[in-house]
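**Q** fold the following, please.
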Amino acid sequence: MIKIRMYPSEFLGLVNFLHGRVLPVIDLQPLERSIYDQILLEYWQKASLVEKIPAWRHRNGRKQYGLPMPLSVARILHQEMQYAELTMYGQALLARLDQELVNLKQ
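**A** Got it, this is the predicted structure:
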């Protein structure tokens, strides 16, 4: 588990990306999903990100806050977001993930 430091706008980029990613696969049987989709769906369900939106919206937009995330999810997001059409918040999140993962190697 790692703690990703992000701005509230980047959190909204995360929620937006994951929502678009899990919505098409949520009704599939587990073995019909790709392993990445399965892991992202499980994270989506377990992390209760939608319920956290109101709290994140009321946070200071100029401060970073920590969000615990399994390393596997961070790596999958980093890889999959590189090939997706992203909002500006999604692009900011991708840059944040890139920075956090590079810092892990050091």
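**Q** buried residues, the helix or strand where Leu18 lies. List them.
**A** The secondary structure element spanning Leu18 is helix 8-22 (assigned by DSSP states H and E). Along helix 8-22, the positions that meet the burial threshold by neighbour count (16 or more other Cβ atoms under 10 Å) are Pro8, Ser9, Glu10, Phe11, Leu12, Gly13, Leu14, Val15, Phe17, Leu18, Arg21, Val22. (Glycine included, C-beta is placed from N, CA and C.)
**Q** from the residues you listed, pick the one nearest Gly66.
**A** Using Cβ to Cβ, Phe11 is the member of these that sits closest to Gly66, with 10.7 Å.
**Q** and that closest one, how far from Phe17?
**A** Taking Cβ to Cβ, to the nearest Å as the criterion, Phe11 is separated from Phe17 by 11 Å.
**Q** between these two, which contacts overlap?
**A** Common neighbours of Phe11 and Phe17, counting by Cβ atoms under 8 Å, 6 or more residues apart in numbering, are Leu93.
**Q** elements contacting the helix holding Leu18?
**A** Using 3 or more Cβ pairs under 8 Å, 6 or more residues apart in numbering; DSSP states H and E as the contact definition, the elements that helix 8-22 packs against are helix 35-47, helix 49-57, strand 65-69, helix 71-81, helix 88-105.
**Q** so, low pLDDT: which residues of this protein?
**A** Counting by pLDDT under 70, the chain has low-confidence residues at 106.
**Q** which residue is nearest the middle of it?
**A** Closest residue to the average C-alpha location of the chain: Leu14 at 3.9 Å, with Cα atoms, centre = their mean.
**Q** apart from its neighbours in sequence, what residue is nearest it?
**A** Setting aside the residues directly before and after it, Leu14 is nearest to Leu93 in space (Cβ to Cβ, 6 or more residues apart in numbering), at 5.4 Å.
**Q** Ile53 now?
**A** With Cβ to Cβ, 6+ apart as the criterion, Ile53 has its nearest non-adjacent residue at 6.3 Å, and that residue is Val15.
**Q** how much space between that neighbour and Arg57?
**A** In this structure, Val15 lies at 11 Å from Arg57, with Cβ to Cβ as the measure.
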